[in-house]
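Engineer: Just a sequence and a predicted model for now, questions to come.
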Amino acid sequence: MKRILCGVLIFTFLFVIGVLQSSAAEKEVTYLSLADYTAAIAGLNVPGDMGTEDYFKELNAKAA
């Protein structure tokens, strides 16, 4: 029981320290496309995915 309590306290301490030091100088939003660019769906999927990519590029440009 003491081992579990000690582990929880250490985890909580590390979490609080991480949150307090997380003021990053750069903030950037990333986007991972899992779109399927093959077969018949590509004609419908590509324009929407490109628009989403452009949106995130613009969002990151505004933040810089």
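Structural biologist: Received it, and whenever you're ready, just let me know what you need. Not measured: the values here are computed from a predicted model.
Engineer: Report the separation between Cys6 and Thr12.
Structural biologist: Applying CB to CB, to the nearest Å, the value for Cys6 to Thr12 is 11 Å. (C-beta placed from N, C-alpha, C; glycine too.)
Engineer: Return the distance of the helix or strand Pro47 falls within from the chain's centre.
Structural biologist: Counting by DSSP states H and E, the element that carries Pro47 is helix 42-63. Offset of helix 42-63 from its chain centre (CA atoms, centre = their mean, to the nearest Å): 16 Å.
Engineer: And the contacts of it?
Structural biologist: Identification of contacts with helix 42-63 by CB atoms under 8 Å, 6 or more residues apart in numbering yields Lys27, Glu28, Val29, Thr30, Tyr31, Ser33, Ala35, Asp36, Tyr37.
Engineer: mind checking the SS state of the most centrally placed residue in the chain?
Structural biologist: Against the mean C-alpha coordinate of the chain, by CA atoms, centre = their mean, the closest residue is Thr30 at 5.8 Å. Look at Thr30: counting by DSSP: H, G, I helix; E, B strand; the rest coil, its state is coil.
Engineer: The chain should start at 534 in everything you say after this.
Structural biologist: Got it, the first residue is 534 from now on, which makes the last one we talked about Thr563.
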